[in-house]
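1. Test case, fold it:
(2 chains, ligands or ions: 4)
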Amino acid sequence: MNLLQLNQSHLRLRNNGDGTIMTKENNWVELCQLSEIPERGCRVVVTDKIKIAIFRTHADDVYAIEDKCPHLGGALSEGIVHGAQVTCPLHNLVINLVNGEALGPEPMCVKSFDVKKEDGKVYLDLVPVKKEAA
Amino acid sequence: MKKKLVVIGNGMAAGHMLEELFDRGNTDYDVTIFGKEPRVNYNRMMLSPVLSGEKKYEEIIIHDEEWYKTNNVDLRTGVNISKIDRENKKVIDDDGNETSYDKLLIATGSYPFIIPVVGHKLKGVVSFRDLDDVDLMQEAANRGGKAIVIGGGLLGLEAAAGLQMQGMDVTVLHLMPTLMERQLDSAAAYLLEKEIEQRGIKVITRANTEKIMGDEHVEAIRLDDGRELEADLVVMAVGIRPEVKLAAEAGLMVNRGILASDHLQTSDPDILTVGECVEHGSECYGLVAPLYEMAKVIAANLDGDMSAKYTGSVTSTKLKVTGIDLFSIGDFAEDEGREGIILRDAAGGIYKRLILEDNKLVGAVLYGETGDSTWFTQLLREGTDISEMRETVIFGQNFQGGPPLDPMAAVAALPDEAEICGCNGVCKGKIVSAIKEKGLSSVDDVRVHTKASASCGTCTNLVEQLLSLSLGDSFNPNAPKPMCPCTPLEHGDVRRLIVAKELKSIPAVMQELEWETSCGCAKCRPALNYYLLSTWPGEYVDDQQSRFVNERLHANIQKDGTYSVVPRMWGGITSPDELRAIADVADKYKIPTVKVTGGQRIDLLGVKKEDLTDVWADLNNAGMISGHAYAKGLRTVKTCVGKDWCRFGTQDSTGLGIKLERTLWGSWTPAKVKLAVSGCPRNCSEATCKDVGVICVDSGYELHFGGAAGLDIKGTEILCNVTTEDEVMEYTTALIQLYREEGYYLERIYKWAKRVGFDRVREVIVDDEEQRKTLSKRFYHAQQFLQIDPWKEFVDGKDAHEFAPIKPIPLEAAQ
Ligand code: SRM
Ligand SMILES: Cc1cc2nc3c(=O)[nH]c(=O)nc-3n(C[C@H](O)[C@H](O)[C@H](O)COP(=O)(O)OP(=O)(O)OC[C@H]3O[C@@H](n4cnc5c(N)ncnc54)[C@H](O)[C@@H]3O)c2cc1C
Ligand code: SF4
Ligand code: FES
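-> Ligands and ions are numbered 1, 2, ... in the order given. Sure, this is the predicted structure:
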């Protein structure tokens, strides 16, 4: 099915609210109202290949990362969000939402994607998503 | 120019000597070390836990490659030195390569003795000395079958326990009438033998192996009394012999071991020796503590401090088999002029014997309880005159003068010179000052900085106690650490300030108490949410985003991202209708696993997130609600059948359990709460390891609290006896309310009660009727806001977005 499904538990967004990145190749698609994502919470976009977790922080910033913990694949979308970080619900690895990197001695990282918010709406750049989901 | 130091043998003694040398900052030598084994220096003693599967090889490495590099040591692994040419000061390896030395250190250790019976060279006959032996044993264990261990000493028993844990059928053959006869007297050996046999290991004493049978591979063993025992693996653990061949061939003076002076010099002053290959003062040692002492002397001497001398060691023994505590030191032979003091506790499996000569301790054997081993060692080494405490010395240090001390006070009472780590010879003073000066806060820190507890590990407990003792001094003995990195405040402060400042939301707490992060972390937020919820019932609105996913979704997340659903089954009672509904749900939603839990109810595992609401709706329709199997709240109330059916039942334990569960469900608590009600003291519902337990008796009910059977195992303590069910309800709700108001987040009842004092809990709940009644009232007040089935709320549409897609997005939009 040629659809991206968005539901509460899966999305990854990066904080580039000004939309300056790769304007030519960007393909911003509207996901939802910012208010539809709980504050310090998350919703998920499901594609055939990957799930993308869209987070909204305490400061109303939005970020998108793949919904798959680099440790053992836990659903990051179900973690507790604090500052611009999320704690994985399975074994408490802390992920920095800004760049997808895990805090801790071992270098681990999840894929991050571009999201932005404009006029109270959240947009996801589908170009890299399509590459991943192809 | 630097002097050339060559070391033969890269084992524990040599490694320790180099470490001591480098710790002194010495760089006078170009060091080359030869090891026959193809690997770095590892902790040989820990081969036993590696064999049993409790540790991995990587965890027992002492010096990794990096260490040799950092210290400029030329390490040659897998190289056997076959000759020492003293005239030209060279050593020669198997391939004829020569290496010259200014100083040579022989540290070749021991080799395992193999009884030369027929068949000792068959495949499947192994010794227990190095990692290769362990690999061979584990390979054999993977194939299963029967193992025979020849030798019931320290090594043999550790091998037997390890192989048994690996699933083999193990028999120990021991030549002497009792196990470990060199370290234990016959009474302790008897207890040990019983314990070993209880674990399913067979022990045959007075067993003399006549031959090992088999064509290529071992098949059986024949004893000289004619008995034949099948075997797929034979481990020979009958003793070790100092490895002296090289030294002897080089013309050094050798007896049983290589003869060494107090400076550990051999008969050639340029050749030193350390380890099990040494004979000093007609003693050869087979334990690390003396070897480490030797290593220290050599390091000092090489560094130019010739005042350091080795004068012999008193060794003590501990067996490293999980769950068996034994200790022995000194000489325990019965002799004229010696007296023994014995303490036996048959039920507790405890035996202690002290041997005195001229009012001084000369030997000790402890079995079953070894907490005083450090103290006895101290008395023995210092030759303390014990005539004053002769009557009580056997009871241990706690009983000497004044009331009995707790273990912590016993450690506190040790003098600074008391040796804590026998292997590395580290005393209390050194550990305590390292903790203070270097700000150490964990056992690992102490290992790194002092080496205490870094070898055989049996002193870890003592190190932990020293840590809490030292850290307790600079802070407050009972104070827990800060809640989390977001605040310097402790749980107790935060609880108190929430009440005192009337803080009613998480942002208010963070603002007023000057949180150092913008919105906390995954540790403090759930705790604050709980504190607010329990402090302001009916007022505070639960913050879903501060809850762990299980408590947000009212189901337990599984490793594959699905969930498990556990409906309540009040007191473990169910009905055909309920069971049918559960079966229907499992069929309808293709739930892969249906399991009976340890809590007397049924778990549906592998439910997809999007099916959760429908599953709950169906269960709700059949009259079932959430079992809170995920909650820091009431989990289960287990019951036994009680007087309705059971011939011993004294009260309606099932009915009372159901009543308790119906009253307590839904309440949030600092950590999970589990109850059980048993109909008589036979206690079939295991009430005495629960947070709260009730034992029904003829005269009423015995109330228990503070048990646990998870990460820690702890029997309950008695709260009091009551006579009516109403009293049970009042006391239990009051107790739980007190816990809700005082407990720190994630602190189970047993930990809370330990912190505030079990007696204090009794004072409030049992002795003070007024407090009990108001606590109970407060509990019921809070319950009216909390007894709402969370599943039903979701079914009725609460937070529907948690489960439903927001809206589909056509991928074409990307074109
Ligand atoms: C399902 C069950 C095992 C089973 O198949 O039987 C179980 C499953 C889990 N237990 Fe348990 N425990 C289960 C009975 C027990 C028992 C036995 C009992 O209750 O009589 C104990 C020991 C008794 C005790 O608590 O003192 C027990 C001690 C633990 C512990 C250690 C708690 C402690 O304080 O030491 C944990 C870890 C924790 O809570 O932090 C734990 C944690 C867990 C978790 C929640 C692990 C997790 O965080 O995901 C498991 C959830 C699996 C799931 O999705 O259902 N489970 N767990 C049992 C559910 C009982 C029920 O009906 O609710
Ligand atoms: C399973 C097990 C459990 C134990 N448990 C304990 C315990 O709980 N407590 C305790 O105090 N002790 C225990 N021990 C004893 C302790 O491990 C030894 O006392 C200690 O390892 C001896 O140290 P070492 O350096 O003298 O000899 P080793 O550690 O054996 O080192 C000698 C090394 O020299 C090498 N070598 C020998 N000849 C040559 C040569 N010609 N050329 C090159 N290399 C050579 C050997 O291969 C070996 O690696 C245990 C031993 C074993 C096997
Ligand atoms: S013991 Fe409990 S926590 Fe551990 S695996 Fe089993 S169910 Fe999970
Ligand atoms: S899967 Fe995320 S921490 Fe383990």
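2. Tally up the residues packed near whichever residue of the stretch 401-550 of chain B sits closest to chain A, please.
-> At 3.6 Å from chain A, B:Ala522 is the closest residue in the stretch 401-550 of chain B, using Cβ to the nearest Cβ. For glycine as for every other residue, the C-beta is placed from the backbone atoms N, C-alpha and C. Neighbours of B:Ala522 under the rule other Cβ atoms under 10 Å in any protein chain shown: 20.
3. my guess is B:Ala452 contacts B:Val426, does it?
-> Yes: contact criterion Cβ atoms under 8 Å: B:Ala452 and B:Val426 qualify, at 4.0 Å.
4. picking up where we left off before, what score does the residue of the stretch 401-550 of chain B closest to chain A have for pLDDT?
-> On the pLDDT scale, B:Ala522 is placed at 92.
5. got a list of what it touches?
-> When contacts are counted by Cβ atoms under 8 Å, 6 or more residues apart in numbering or on different chains, B:Ala522 touches A:79-80, A:82, A:87, A:92, A:94.
6. do you know how far it is from ligand 4?
-> 11 Å (Cβ to the nearest ligand atom, to the nearest Å).
7. Could you do B:Thr724 as well?
-> Taking Cβ to the nearest ligand atom, one finds B:Thr724 at 50 Å from ligand 4.
8. Tell me how many other residues crowd that residue.
-> 10.
9. cool, B:Ile61 as well?
-> Neighbour count of B:Ile61, defined by other Cβ under 10 Å: 16.
10. and if you look at the one 5 residues further on?
-> Other residues near B:Glu66 come to 9 when the count uses other Cβ under 10 Å.
11. Would you mind naming the helix or strand containing it?
-> Taking DSSP states H and E as the criterion, B:Glu66 maps to helix B:65-70.
12. Show me what that helix is packed against.
-> Contacts defined by 3 or more Cβ pairs under 8 Å, 6 or more residues apart in numbering or on different chains; DSSP states H and E place helix B:65-70 against strand B:73-77.
13. buried subset of the contacts of B:Ala522?
-> Neighbour-count burial (16 or more other Cβ atoms under 10 Å in any protein chain shown) is assigned, among those, to A:79-80, A:82, A:87, A:94.
14. In strands only, show me the residues you listed.
-> Within these, residues falling in strands by DSSP state E are A:80, A:82, A:87, A:94.
15. out of everything not next to it in sequence, what's closest to the second one?
-> So the one you mean is A:His82. B:Cys521 (4.8 Å; Cβ to Cβ, 6 or more residues apart in numbering or on different chains).
16. repeat for the third one
-> Ranked by Cβ to Cβ, 6+ apart and with sequence neighbours excluded, the top spatial neighbour of A:Thr87 is B:Ala522, at 3.6 Å.
17. OK, contacts around the residue in chain A that chain B sits nearest to?
-> In chain A, the residue found nearest to chain B is A:Thr87; the distance is 3.6 Å by Cβ to the nearest Cβ. The neighbours of A:Thr87, taking Cβ under 8 Å, 6+ apart as the test, are A:79-80, A:93-95, B:521-522.
18. hmm, try it at 7 Å
-> A:79-80, A:94, B:522 (Cβ atoms under 7 Å, 6 or more residues apart in numbering or on different chains).
19. so it bridges to which residues?
-> Taking DSSP bridges as the rule, A:Thr87 bridges to A:Ile80, A:Val94.
20. Check the spacing between it and B:Ile150 real quick.
-> Going from A:Thr87 to B:Ile150 by Cβ to Cβ, to the nearest Å gives 54 Å.
21. ok, now B:Leu5?
-> Separation of B:Leu5 from B:Ile150 (Cβ to Cβ) stands at 39 Å.
22. does the residue of chain A found nearest ligand 1 belong to a helix or a strand, and which?
-> Residue nearest to ligand 1 within chain A: A:Leu90 (8.6 Å; Cβ to the nearest ligand atom). Counting by DSSP H and E, no helix or strand carries A:Leu90.
23. Could I get the pLDDT score of the residue lying closest to it once chain neighbours are set aside?
-> Leaving out its chain neighbours, the residue that sits closest to A:Leu90 by Cβ to Cβ, 6+ apart is A:Gly74, at 3.5 Å. You'll see A:Gly74 listed with a pLDDT of 93.
24. May I ask you to confirm that A:Gly74 is in contact with A:Cys88?
-> Yes: checked against Cβ atoms under 7 Å, the pair A:Gly74 and A:Cys88 is within contact range at 4.5 Å.
25. so how far is ligand 1 from B:Ser52?
-> Noted for B:Ser52: a distance of 23 Å to ligand 1, by Cβ to the nearest ligand atom.
26. I figured that residue was touching B:Ala159, is that so?
-> No: counting by Cβ under 7 Å, B:Ser52 stays clear of B:Ala159, with 9.4 Å between them.
27. that older thread, please report how far the residue of chain A closest to chain B lies from A:Leu72.
-> 14 Å.
28. Please apply the same query to B:Cys646.
-> Using Cβ to Cβ, B:Cys646 is found at 46 Å from A:Leu72.
29. do the same with B:Asp335
-> Distance, B:Asp335 to A:Leu72, by Cβ to Cβ: 62 Å.
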